[in-house]
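**Q** how would this look folded up:
(chains A and B)
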Number of protein chains: 2
Amino acid sequence: MEKELAVELLHSKKFVQLRTELAEMNPADIAAFVEEMAELEDFGDRDLTLLYRILPKELAAEVFTYMDSEFQMVLINAFSDKELRDVIDELYIDDTVDIIEEMPANVVSRILKNTDSDTRKEINQLLNYPKDSAGSVMTTEFVYFQKDCTVREAFERIRCIGLVKETVYTCYVTENRKLLGVITLLDMLVADYDTRIEDIMETNVISVNTHDDQETAAQMLSRYDFAAIPVVDSENRIVGILTFDDAMDVIVEENAEDVAMMSAVLPSEKTYLKTSVWTHARNRVVWLLILMLSATLTGAITNHFEAQIAAIPLLVSFMPMIMGTGGNSGSQASTMIIQGMAMDEVHLRDFFKVVFKEFRIALLCSTILAAVNFVRIYITYKDLTIAAVVSITLIGTVILAKLLGCMLPMLAKKLKIDPALMSAPLLSTLVDSCSMLLYFTIALNLLDF
Amino acid sequence: MEKELAVELLHSKKFVQLRTELAEMNPADIAAFVEEMAELEDFGDRDLTLLYRILPKELAAEVFTYMDSEFQMVLINAFSDKELRDVIDELYIDDTVDIIEEMPANVVSRILKNTDSDTRKEINQLLNYPKDSAGSVMTTEFVYFQKDCTVREAFERIRCIGLVKETVYTCYVTENRKLLGVITLLDMLVADYDTRIEDIMETNVISVNTHDDQETAAQMLSRYDFAAIPVVDSENRIVGILTFDDAMDVIVEENAEDVAMMSAVLPSEKTYLKTSVWTHARNRVVWLLILMLSATLTGAITNHFEAQIAAIPLLVSFMPMIMGTGGNSGSQASTMIIQGMAMDEVHLRDFFKVVFKEFRIALLCSTILAAVNFVRIYITYKDLTIAAVVSITLIGTVILAKLLGCMLPMLAKKLKIDPALMSAPLLSTLVDSCSMLLYFTIALNLLDF
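**A** Next up, the predicted model:
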């Protein structure tokens, strides 16, 4: 359906037709479609509310979770208390928490006022887990049985609870909330109906703690190909589960954060187009300022060699190439190590192995670069000494850049700082200074001034 | 269990105890554990084969899939044809394909010789899908029913086939392999046993084509929170499914490739530590050479202004800061856009919106940077003109860098080149040249030489 047509149907009150057309779409697509409609000029907040009310109740609640927070806010403000309660009843608790985290205080208190006390307790509990912890992304709705329950009884229970797909593929066996075992829906399906769960459950349970990092939890789920991983408290009582779909979101989000940090941008919660120019500028200018001021150190070093520059201005023309190559060499090493550590492939105990490896890589790369460079400079300027000065500097710079590039992220991790901070931008600034110092020192010793 | 203890048990032939201890672990952990054991000095290839043969047959095959290809090769070479057949029978076809892709030709032909003709046909089919296509990562094992089948019959069928978890949560309804509908295990579980599948299936099926990009397929699965997405051929016949666990691997892998490319490293199939020094060096030196040679352009530009540099060598000391800030500003913009496009949040149709947004961001950032810089230079050198030259250059450089940074990745995408190529390294080299040209041109006009 065209969005213009949908608006027309809405304005001409052809609600049944509109509802039928929309109901055929997937909830995620409806949300995206409605957001596109809202970009049209003749579509106001009242139209949004009207459109939402046309949808069948359950579908409407699902569409709501996929919407952007600004639209959710418009809707919540338009809702009666009864409507708000209906939506919250249909939502998963972790979705409600996500919404609450985005809303201003008056909306939050209205939401909390309209939830029953049990739900409110769970929401508050989830809100209290540290940011980026497994507890903050888990869902508290999951299926659990007693160990002496049979497969038939288990199926009955699942039918009664009627949760949706992601949360039901793996079920848990508990005793006083302590986790005794896990069992997949398939294990039950292939077993006899009278089998006791306890006889077919997997007792070697792999779980994460509520305070574990969300990324660690998601990686474990991925490593074992689980559909969900149980989240337990410090006394091994199950308090929630992390499902594969939420784990996938965690991986994408953590990765976007790392990449942003590697490019000297403070991470943003919103998508690029939805972030305002002011927020973009603020997220970027901080690091630009820090790096700009650090670069004055490199400036001070070149300034120190003013006399040499005045005598042989040709020296300046190799500066961009040396600094560029140093920066690129360093960022290659740091990216590999940051990524290796993020993917749990490189560990702190590998420190010396990594350093030795990077040293050999640097030796190989720099020799090739220096050789090519030597030939090029000699052909262009017919000056063996200048060619030698630049080539020796290049070897030193590449080795230094690769060693710093692998060591700094590992040291950062050791000091519990995010390794992604020690990436290209900061590293380049540091390598720039060192390489210029090296360059002019070598020049001073080999050239006649 | 300690790996030293495990080796001791193996050497002293305490197989039953060793098997019991190992069988308690998760297959992924056993594979990692065996690989760690293999690092010990007194553990040879024969020990590896022996250890593998101790494991229960089904578990052994699962462990095999989690092992690194070098270990798989050792095992395959040691296997009898009977053993090889047993392993392949236990493997999923997509796992077999993954293994085949890593093995030398003689091993491949031995594997193919030991598979039955149906499996061989499927393997060959999967091998023929383009690299990184949905077809190449899908699994061809999935559950499908006729539309008039009842829930009871469907469950019987699932019990008979006995596939494992990831592939069974979503089942498909077909007619002559044409996809009519999908149904989740939960939909069936909450329905009456006599319900016909056709009455409860979802007919609005979202699928991907075998030739679609694997990343697109994985993103769709993630967008809709599916446990699996069907992969169809050009005539809408279902040929396989992409399951959530494989989709997660695709997302992680594609992302690692993007990040590597953004840091001027050719992507590697293996982990950091398992890639040899030679391969690392080769993957890095290519781009370093290209970028080094491109940087000579910047050198040529500064060379052109030799006389000015000789007259006022102080100009040189601001070069690192200008080039650094330009590079960082550009990489911020390009990263945001590359990532936005990869996550399907920024589209080619947003071109002018993005360019205008970046222009305003650049204006804000550069004004702040230029102001700070102006004050710093004036305080240090008490020279208004130099402060003005550097600050004006900075404004121009930041605006240029941000515009190029957002436009180049979008143009690349338009030309069907990977946008990640237009990231920090290439961009910095380009911005360096432009900024130096700008710098010296402004200097020439404002300063007295």
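**Q** when you work out contacts or count neighbours from here on, use the C-alpha atoms and nothing else.
**A** Fine.
**Q** tell me where the model's unsure across the stretch 51-200 of chain A.
**A** Low-confidence segments of the stretch 51-200 of chain A, defined by pLDDT under 70, are located at A:162-166.
**Q** what segments of it are helices?
**A** A:57-66, A:69-78, A:81-90, A:93-102, A:105-113, A:117-128, A:134-137, A:151-161, A:185-190, A:197-200 (DSSP state H, counting those that start in this stretch).
**Q** looking at the ones you listed, which one is packed in the most?
**A** Stretch with highest mean neighbour count among the helices of the stretch 51-200 of chain A: helix A:134-137 (a mean of 27; mean count of other C-alpha atoms under 10 Å in any protein chain shown).
**Q** for that helix, C-alpha coordinates in CSV please.
**A** Extracted in CSV, the C-alpha atoms of helix A:134-137 (Å, rounded to 0.1, in the frame of the first residue of the first chain):
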residue,chain,number,x,y,z
ALA,A,134,22.7,-9.0,31.4
GLY,A,135,20.0,-8.1,33.9
SER,A,136,19.1,-4.9,32.1
VAL,A,137,18.3,-6.7,28.8
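**Q** what helices and strands are in contact with it?
**A** For helix A:134-137, the helices and strands in contact under the criterion 3 or more C-alpha pairs under 8 Å, 6 or more residues apart in numbering or on different chains; DSSP states H and E are helix A:117-128, strand A:208-209, helix A:214-223, strand A:238-243.
**Q** not counting the longest one itself, show me its contacts.
**A** Spelled out, that is helix A:117-128. Residues outside helix A:117-128 that contact it (C-alpha atoms under 8 Å, 6 or more residues apart in numbering or on different chains): A:93, A:94, A:96, A:97, A:112, A:135, A:136, A:140.
**Q** mind checking how far the last one is from residue B:404?
**A** Pointing back at residue A:140 there. With distances taken as C-alpha to C-alpha, to the nearest Å, residue A:140 is found 46 Å from residue B:404.
**Q** for the nearest residue to residue A:185 once chain neighbours are set aside, what are its contacts?
**A** In space, and not counting its chain neighbours, residue A:185 is closest to residue A:169: 5.2 Å by C-alpha to C-alpha, 6 or more residues apart in numbering or on different chains. If a contact means C-alpha under 8 Å, 6+ apart, then residue A:169 has A:184, A:185, A:186, A:227, A:228, B:169 as its contacts.
**Q** likewise residue A:45?
**A** residue A:74.
**Q** how about TSV for the helices of the stretch 51-200 of chain A, with distance to residue B:179 added?
**A** What follows is these, written out as TSV (distance: least, C-alpha to C-alpha, whole Å):
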stretch	distance to residue B:179
helix A:57-66	24
helix A:69-78	36
helix A:81-90	31
helix A:93-102	32
helix A:105-113	42
helix A:117-128	41
helix A:134-137	35
helix A:151-161	27
helix A:185-190	23
helix A:197-200	34
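**Q** doesn't residue A:269 belong to a strand?
**A** No - with DSSP: H, G, I helix; E, B strand; the rest coil as the criterion, residue A:269 is assigned coil and is not in a strand.
**Q** count of neighbours near it?
**A** Using other C-alpha atoms under 10 Å in any protein chain shown, residue A:269 has 11 neighbouring residues.
**Q** same check on residue A:265?
**A** Per other C-alpha under 10 Å, the neighbour tally for residue A:265 reads 27.
**Q** that one touches residue A:279, doesn't it?
**A** No - here residue A:265 lies out of contact with residue A:279, judged by C-alpha atoms under 8 Å, at a distance of 11.0 Å.
**Q** tell me the SS of the residue in the stretch 151-300 of chain A that chain B sits nearest to?
**A** Of all residues in the stretch 151-300 of chain A, the one sitting closest to chain B is residue A:299 (4.0 Å; C-alpha to the nearest C-alpha). State at residue A:299, reduced to three classes by three-state DSSP: helix.
**Q** nearest residue to it in space, please, no chain neighbours.
**A** Nearest residue to residue A:299, sequence neighbours excluded (C-alpha to C-alpha, 6+ apart): residue B:317, at 4.0 Å.
**Q** dump the residue contacts of the one you found.
**A** A:296, A:298, A:299, A:300, A:301, A:302, A:303.
**Q** how about 6 Å then?
**A** With contact set as C-alpha atoms under 6 Å, 6 or more residues apart in numbering or on different chains, residue B:317 has these partners: A:299, A:302, A:303.
**Q** residue B:392 versus the nearest residue in space to the last one that is not next to it in sequence, what's the distance?
**A** Using C-alpha to C-alpha, 6+ apart and skipping residues adjacent in sequence, the residue nearest residue A:303 is residue B:317, 5.4 Å away. Between residue B:317 and residue B:392 the computed distance is 16 Å (C-alpha to C-alpha).
**Q** ok so, going back, out of the contacts of residue B:317, who's the most crowded?
**A** The most crowded member of the contacts of residue B:317, judged by other C-alpha under 10 Å, is residue A:302 (28 neighbours).
**Q** that one: what secondary structure?
**A** Secondary structure assignment for residue A:302 (three-state DSSP): helix.
**Q** assign the residue nearest to it when sequence neighbours are not counted to helix, strand or coil.
**A** Nearest residue to residue A:302, sequence neighbours excluded (C-alpha to C-alpha, 6+ apart): residue B:317, at 5.5 Å. Three-state assignment for residue B:317 (three-state DSSP): helix.
**Q** next one: residue B:317 from residue B:376, what distance?
**A** Counting by C-alpha to C-alpha - residue B:317 and residue B:376 are separated by 14 Å.
**Q** tell me the mean pLDDT for the helix or strand harbouring residue A:439?
**A** Using DSSP states H and E, residue A:439 maps to helix A:424-446. If you average the pLDDT over helix A:424-446, you get 90.
**Q** could you report the neighbour count for residue A:414?
**A** Residue A:414 has 12 neighbours, counted by other C-alpha under 10 Å.
**Q** for residue A:347, see how far away it is.
**A** Separation of residue A:414 from residue A:347 (C-alpha to C-alpha): 10 Å.
**Q** what sits against residue A:327?
**A** Residue A:327 sits next to residue A:428 when contact means C-alpha under 6 Å, 6+ apart.
**Q** per-residue pLDDT of residue A:297, please?
**A** pLDDT for residue A:297: 89.
**Q** the residue of the stretch 151-300 of chain A closest to chain B and residue A:431, how far apart?
**A** 13 Å.
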